[in-house]
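K.L.:
output the structure for:
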Amino acid sequence: SKESAPEFPLSPPKKKDLSLEEIQKKLEAAEERRKSHEAEVLKQLAEKREHEKEKLTHKMEASKENREAQTAAKLERLQEEDKHTEEARENKGSRDPAEETEAG
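P.N.:
All right, here's what the predicted structure looks like:
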């Protein structure tokens, strides 16, 4: 193993140090890219979640409005039916005495 050691020990360490520094810089750059990419992904996910939340809120509001409109329409129909029933009673009640006086 001693035979594989460099004959000029002063030159290779400089080259090795430089390459270690370059490797370190590349690792740091890669870490920065990874962090930047992760931040971008998280940002996109947050935006998507916010968009989905807005869509759901809008859908729920539309559903509520629709339900309220249906309830109002049913109530109006029932009130109309009550009104007609009441009018029919009044008409029937007012007809009977008139028929009796005509008959009498």
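
K.L.:
which parts of the protein are helices?
P.N.:
Using DSSP state H, the helices of the chain run over residues 11-103.

K.L.:
low-confidence ranges in it?
P.N.:
1-17, 95-104 (pLDDT under 70).

K.L.:
one more time with 80
P.N.:
The chain contains residues with pLDDT under 80 at 1-18, 93-104.

K.L.:
and Glu87, how far from Leu75?
P.N.:
19 Å (C-beta to C-beta, to the nearest Å). (Glycine included, C-beta is placed from N, CA and C.)

K.L.:
same question, His84
P.N.:
15 Å.

K.L.:
one more: Leu56?
P.N.:
28 Å.

K.L.:
then Ala39?
P.N.:
From Ala39 to Leu75 the distance is 53 Å (C-beta to C-beta).

K.L.:
what of Glu61?
P.N.:
Glu61 is 21 Å from Leu75, by C-beta to C-beta.

K.L.:
now Lys53
P.N.:
On the measure of C-beta to C-beta, Lys53 and Leu75 end up 33 Å apart.
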